[in-house]
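Visitor: sequence and predicted structure, then a few things I'm wondering about:
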Amino acid sequence: MEDRIGELEVKLSFAEDLLESLNTTVFRQQREIDQLRREMAVLREQLAASLPGDETAPRHEIPPHY
């Protein structure tokens, strides 16, 4: 009986370590996702600011064959 309890305690210890490791990984990933979302928002703002009325944008250039 004590051997079984000992095995369960070892398994529980490994499970707790794994859970802590997974928690840390998820936390880091969420922090990175948040940072990427902020960067995407900045890029969208820059793109939106550069498109309307921007005569230097490539879509306003005349191709060389004209």
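Guide: Nice, thanks for sending it over.

Visitor: measure Val42 to Ala48 for me?
Guide: The gap separating Val42 from Ala48 is 11 Å, by Cβ to Cβ, to the nearest Å. Yep, even glycine has a C-beta here, placed from its N, CA and C like the rest.

Visitor: from Val26, how far off is the most centrally placed residue in the chain?
Guide: Among the residues of the chain, the one closest to the centroid is Ile33, at 2.6 Å (Cα atoms, centre = their mean). Ile33 is 10 Å from Val26, where distance means Cβ to Cβ.

Visitor: now swap in Pro64 and tell me
Guide: 52 Å.

Visitor: neighbour count: those two, which is higher?
Guide: Val26 (10 against 5; other Cβ atoms under 10 Å).

Visitor: secondary structure element for that one?
Guide: Val26 is part of helix 2-50, with elements assigned from DSSP states H and E.

Visitor: helices and strands around that helix, which ones?
Guide: Contacting helix 2-50 under the criterion 3 or more Cβ pairs under 8 Å, 6 or more residues apart in numbering; DSSP states H and E is no other helix or strand.
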